[in-house]
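Enquirer: Okay, sequence plus prediction incoming.
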There are 4 protein chains.
Amino acid sequence: MVRVAICGGSGYTGGELLRILSYHPEVTVTAVTSERSAGKKVSDLFPNIHKYSNLVYEKLKTGDILEKAELFFMALPHGKSQEAVDFFFRRGKKVIDLSADYRLKDVATYEEWYKVPHRFQKTLKEAVYGLPEIYRKKISKASLVANPGCYPTGAILGVYPAIKNRLIDVSKIVMDSKSGTSGAGRSSDIAYSYCEVNEGFKAYAVATHRHTPEIEQEISALAHKDIKVNFTPHLASFDRGILTTIYAPLQKRISTKKILDIYKKSYAHEPFTRVLDEGRFPNVKSVRGTNLCEIGLIVNIRTDTLIIVTAIDNLMKGASGQAVHNMNIMMGIDEKTALDTVALFP
Amino acid sequence: MVRVAICGGSGYTGGELLRILSYHPEVTVTAVTSERSAGKKVSDLFPNIHKYSNLVYEKLKTGDILEKAELFFMALPHGKSQEAVDFFFRRGKKVIDLSADYRLKDVATYEEWYKVPHRFQKTLKEAVYGLPEIYRKKISKASLVANPGCYPTGAILGVYPAIKNRLIDVSKIVMDSKSGTSGAGRSSDIAYSYCEVNEGFKAYAVATHRHTPEIEQEISALAHKDIKVNFTPHLASFDRGILTTIYAPLQKRISTKKILDIYKKSYAHEPFTRVLDEGRFPNVKSVRGTNLCEIGLIVNIRTDTLIIVTAIDNLMKGASGQAVHNMNIMMGIDEKTALDTVALFP
Amino acid sequence: MVRVAICGGSGYTGGELLRILSYHPEVTVTAVTSERSAGKKVSDLFPNIHKYSNLVYEKLKTGDILEKAELFFMALPHGKSQEAVDFFFRRGKKVIDLSADYRLKDVATYEEWYKVPHRFQKTLKEAVYGLPEIYRKKISKASLVANPGCYPTGAILGVYPAIKNRLIDVSKIVMDSKSGTSGAGRSSDIAYSYCEVNEGFKAYAVATHRHTPEIEQEISALAHKDIKVNFTPHLASFDRGILTTIYAPLQKRISTKKILDIYKKSYAHEPFTRVLDEGRFPNVKSVRGTNLCEIGLIVNIRTDTLIIVTAIDNLMKGASGQAVHNMNIMMGIDEKTALDTVALFP
Amino acid sequence: MVRVAICGGSGYTGGELLRILSYHPEVTVTAVTSERSAGKKVSDLFPNIHKYSNLVYEKLKTGDILEKAELFFMALPHGKSQEAVDFFFRRGKKVIDLSADYRLKDVATYEEWYKVPHRFQKTLKEAVYGLPEIYRKKISKASLVANPGCYPTGAILGVYPAIKNRLIDVSKIVMDSKSGTSGAGRSSDIAYSYCEVNEGFKAYAVATHRHTPEIEQEISALAHKDIKVNFTPHLASFDRGILTTIYAPLQKRISTKKILDIYKKSYAHEPFTRVLDEGRFPNVKSVRGTNLCEIGLIVNIRTDTLIIVTAIDNLMKGASGQAVHNMNIMMGIDEKTALDTVALFP
């Protein structure tokens, strides 16, 4: 039985970790922290999670919980995760960081986009980017995994086989993403109150969203050259899910069928990434509550552009599900454990 | 008092025409047709519309209603509108066609995308594309106006000033649109039933949507060259609204501020097209129930791309509101009559 | 032109007052106050309201705005309205108070349910309860109108003809209400954030809601005896609207048809209260954005119970629309001015 | 491994059975029927259900599938289920009927409310009403279980301990239910299309809903006398869930705390029925995707009325989840198998 702790367990990603882990036969959650909810029980914040309903939130004191767990999920805000991650990592613990603090390899880029200094660059060098489809082997040996952002997960998986197989002109990629409101976190901001969001739809952080450099880092690495993308997130009036529509000019004419074959081969052994048959495109509703990334694509022969659409659940494959997937890989547990769910429909 | 008839008045666009016209002091609706609802009263289908609640639907017999009206709104399905439009037009009536039948100037293009022959090409030549921001003068003299499609309205208004001022590379435009479900019409298709749509989001008709050639026709005319665009519609779980996010590479570097100035000048005298201040982007909720098209934009200086976001209400500016706007122009009525509404919020 | 001021103009009811009054040809809003938004423009909070977009919020200083208006709409929180209402009233101004402060005639009841003392009992005696269907004549002569609560409006109008005509046993009335989330105000409380409310439905304040004594006061007055009711509010995942389902045992057997006749006669001259035909029941969607109260009813002959269903828009007939209706009556303006709207559908 | 067949597997309850059973380690689905979808694969209708994605729908020919299964789930429309149920039952199969055909013990009542004759009254006598909390022992020995209706499940569980303990006056019970739209089935009726339902809320079948006699049958049996109830269903704009608010006059004064103790004791050993602590009331969102019935209650001391609120997922505890629960009991399988899920939140 693996003992795990969750640092920052009162938000939606923390709650989702508790929910997933309550299904996990080889894991027990021994501690959960929250600054503002310390002293409350898990059931006060998440009445749905019965298995851990009596677990009590405590303030994060790294020394106090060090011995309570072998593996730490860090679901703290960006900037606040750095130090605690470093603390546990240097004391030999396994750490999965759901914040952005250890995702960007280039410190200057991190500091430019997140407006805080990175004070643990030595530890940063040890972090593995936790996208199993690309880095599975490294993850299996890693002690520190930087869990990908929600938008980057769907965006990168959408273009990975196309870039690896040099199908597209990587200099002109457009990524247009639509996210459910849980992506904004469990927030008291009026902008995310029901009546402001409901029946609305808008773009936000246009040309300036912090997930942009993360996407660029990973696809630049795949392409072996420096890539900039146009990435626009949108806020949509549903709870969960991210749909990303990607436009990339083809390097040379090739049929939809051939590209689908390449994609299906690329992801043939992946438990959570599914390439849909020709003519089918994903819906966020079909992956809700699952760790799946579903991918549909078509060649627009009128413009010689590859159009790819991916769907994930932002709290699952886009956050906590992927984190548990990474844990399973790190601990040598069957990858699908606790994650082999069927989406509710409707 | 202008007497108008609505052919095809049982769907959402027909109902919206009735709703708008019930506010219009200079118009009276004298007839409304519906094949499947003939014999029913307007109040049976639209209990909200009190002014015309006792008006009774009749089957469309063009000869029978010819003398009932001076102006005909045609809200029939594509392909079914052709003949009736021609009938009224050739008998000297004013006609505003909300179907696609008279929008595409090139008959071959129409037949390729709509899979039906066009049998009234002489009349087609007389049709004016009813986008007042571009064709106001022609509309004011026209007897036949082809009311624009919902997606093309927001898409064309989004790029019009940029193309006219040669700011962008027109060969690489991406248009990513998100529409509320009323765009699918008042439909009994299970795909549009509540539980299939709610909490979902998906792309559809990817690379194949029929509004593509309409957008291309209009922006090709503006650019004086043949343009193909990548246009992807998405189905969103709200009632009304279309948000279109447009990506176009800049011809040369220019600031967001300068482009905003150009846009504001372009639309300075337009009653229904509003360019938002720098840093602001529209939300479909803010234009719901209005005839407004709101536009926000930014230059992505990392990619030298102009990103434009437009929002309309698909049933208003995207259909019936624009049709009434065209009627006002055609009849010499103040343009804002019956259309000067404030969006409900929330 | 009547000059009006809105005290507390940054919430949903304040915004709704601004929206309605922007349609009003005989009124001009000269001042609007907000403690937390002082210095901001109306357009910063309500980008939809173009007519008053440049009006600037100021802090409420009663002396400073006294001369700016002849009539004051008070949309302040309960308890905070008392003093300002008294101030304007005693200086000869007309006041419409949308808070609960002047609704309850019995001071002890007010203090028990609202947990604050009432310090202006002399002024309280002058207040008229602003339900035009019952108190129109008094309202027309009043200087201080206590605008009814949202739940009481739909509840009282639902039983008014039945009680007046002694059809029901008033000692056993059940009122089960379902409200859209805008009823909670423009709130930063996490409980009203999008993801908490969406796809949810719950009862709240069961047996303890503050609108209970207000309903009881009014129906006790109608029945000439002391009545207690079972009233349960529910929070529903839509923006606007309250549906109230009322159960009342019949005094003696009578047909649905006869009761409908009585109801239709009762409300025959009311511009905003509509009794639906037999077999029809209202939907909150059909009254959204209107000042209507729609009423459907049936006798359950198996239990000899009258079941009445009413629907209103909580921000319109349930708050700001009714306030403007009261203003029209107080100022001798045609009652339907600025309120004669048709619900958006869909 | 128990072999089961699903007759009527293309609707929401059929899909939900497939979804639940895909988690069940001791069951395999060997056949699934659908008249309109015969020849299609499960994945064509339910892309979410991967385990049975290649199972092909066949038309229901009772003789052909008789030997394919030991247990038959019947999810056919009311009236159409009768004959097939009788066929399988008389040939020694176990049958769980999700239709209403074998719920009402009194044939005249069935025929009055469902407007069809009951032609299998001998078999009807053998049917056990499948509410485990009341009939567990009978279910464990039954060959034919009539699975309860969605509304009756939440309604009966809400009053069961109160009636059994003679706390309430059973002659004056009001049950006000609010259901998500999946309760209407996978329907092509325009009335259930997205734009008609969204942002709406209404009562329907007021005083005439077919679940009324089912509720009355069961609570009459508990009370040992003939009871009529006021039951009103409402259609709400969410996918899943039923909230039922129940009002019942107390026989004599008793505290909320004491009643809660009685309820908690009543359901102490139930795996799926949870009584909430004082001051808490359920939300349909908290039980979505689970087989739980959550119950909150309070005594309104001002009216001496017990107010009870119950929440279930109409497709789970209200249909397919309860059916699998019944199967587990009938087959001697641990009751929680395949049903021990945690609600998604948000």
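Expert: Thanks, I have it.

Enquirer: Which helix or strand lies directly C-terminal to the helix or strand of chain A with the lowest mean pLDDT?
Expert: Least confident helix or strand, chain A: helix A:42-45 with a mean of 94, by mean pLDDT, DSSP states H and E. Following helix A:42-45 in sequence order, the next helix or strand is strand A:57-58 (DSSP states H and E).

Enquirer: that older thread, can you list contacts of the least confident helix or strand of chain A?
Expert: A:9-10, A:15, A:18, A:32, A:37, A:49-50, A:52-57 (Cβ atoms under 8 Å, 6 or more residues apart in numbering or on different chains). The C-beta positions use only the backbone N, C-alpha and C, and glycine is treated the same way.

Enquirer: pLDDT check: weakest of those?
Expert: Within these, pLDDT reaches its minimum at residue A:50, with 88.

Enquirer: what residues are up against that one?
Expert: Neighbouring residues of residue A:50 by Cβ under 8 Å, 6+ apart: A:22, A:43, D:342.

Enquirer: so the first one touches residue D:342, yeah?
Expert: I take that to be residue A:22. Yes: using Cβ atoms under 8 Å, residue A:22 is in contact with residue D:342, at 5.7 Å.

Enquirer: Quickly list what's touching both of those two.
Expert: Going by Cβ under 8 Å, 6+ apart, residues that sit against residue A:22 and also against residue D:342 are A:49-51.

Enquirer: which residues in the stretch 151-300 of chain A form helices?
Expert: Ranges of helices within the stretch 151-300 of chain A are A:194-197, A:211-223, A:256-266, A:284-287, based on DSSP state H, counting those that start in this stretch.

Enquirer: mind listing what the nearest residue to residue A:35 once chain neighbours are set aside touches?
Expert: Nearest residue to residue A:35, sequence neighbours excluded (Cβ to Cβ, 6 or more residues apart in numbering or on different chains): residue A:59, at 6.0 Å. Listed by Cβ under 8 Å, 6+ apart, the contact set of residue A:59 reads A:33-35, A:38.

Enquirer: returning to what we had before: between residue A:22 and residue D:342, which one's more packed in?
Expert: residue A:22 (21 against 18; other Cβ atoms under 10 Å in any protein chain shown).

Enquirer: Please indicate which of the contacts of residue A:59 has the highest neighbour count?
Expert: Neighbour counts for these (other Cβ under 10 Å) peak at residue A:33, which has 26 neighbours.

Enquirer: Now do the contacts for the closest residue to residue A:76 other than its chain neighbours.
Expert: Leaving aside its sequence neighbours, residue A:76 sits nearest to residue A:8 (Cβ to Cβ, 6+ apart; 4.2 Å). Taking Cβ under 8 Å, 6+ apart as the criterion, residue A:8 is in contact with A:14, A:33-34, A:60, A:74-77, A:81, A:98.

Enquirer: What of residue A:341?
Expert: A:289-291.

Enquirer: Closest one of the residues you listed to residue A:114?
Expert: Each of these was checked against residue A:114 using Cβ to Cβ; the closest is residue A:291, at 26.8 Å.

Enquirer: measure the closest one to chain C for me?
Expert: 20 Å (Cβ to the nearest Cβ, to the nearest Å).

Enquirer: That residue touches residue A:318, doesn't it?
Expert: No: Residue A:291 is beyond contact range of residue A:318, at 9.5 Å (criterion: Cβ under 8 Å).

Enquirer: Between the two, which is the more surrounded one?
Expert: A side-by-side neighbour count of residue A:291 and residue A:318, using other Cβ under 10 Å, places residue A:318 first with 29 against 25.

Enquirer: Per-residue pLDDT of the nearest residue to that one once chain neighbours are set aside, please?
Expert: Nearest residue to residue A:318, sequence neighbours excluded (Cβ to Cβ, 6+ apart): residue A:150, at 3.2 Å. pLDDT, residue A:150: 98.

Enquirer: and residue A:150, what does it touch?
Expert: Residue A:150 is in contact with A:179, A:183, A:211, A:242, A:312, A:314, A:318-319, counting by Cβ under 8 Å, 6+ apart.

Enquirer: any idea which of these has the most stuff around it?
Expert: Counting by other Cβ under 10 Å, top hit in the contacts of residue A:150: residue A:312 with 36 neighbours.

Enquirer: Over to it: give its phi and psi.
Expert: Phi and psi for residue A:312, reported as degrees, to the nearest 10, are phi -140, psi 170.

Enquirer: I figured it hits residue A:155, correct?
Expert: No: using Cβ under 8 Å as the test, residue A:312 is too far from residue A:155 to be in contact (9.9 Å).

Enquirer: Would you check the distance separating stretch A:76-90 from the middle of the chain?
Expert: Relative to its chain's centre, stretch A:76-90 lies at 18 Å (Cα atoms, centre = their mean, to the nearest Å).

Enquirer: Which positions in that stretch come out as buried?
Expert: Across stretch A:76-90, burial judged by 16 or more other Cβ atoms under 10 Å in any protein chain shown covers A:76, A:78-82, A:84-89.

Enquirer: List the contacts of that stretch.
Expert: Identification of contacts with stretch A:76-90 by Cβ under 8 Å, 6+ apart yields A:7-8, A:60, A:62, A:66, A:72, A:74, A:95, A:97, A:99-102, A:114, A:116, A:118-120, A:123, A:126, A:143-144, A:210.

Enquirer: Select from these every entry located in strands.
Expert: Secondary structure defined by DSSP state E assigns A:7, A:72, A:74, A:95, A:97, A:144 of these to strands.

Enquirer: on that earlier part again, can you add distance to residue C:281 and give the helices of the stretch 151-300 of chain A back as TSV?
Expert: Output for these, formatted as TSV (distance: least, Cβ to Cβ, whole Å):
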stretch	distance to residue C:281
helix A:194-197	25
helix A:211-223	48
helix A:256-266	50
helix A:284-287	30
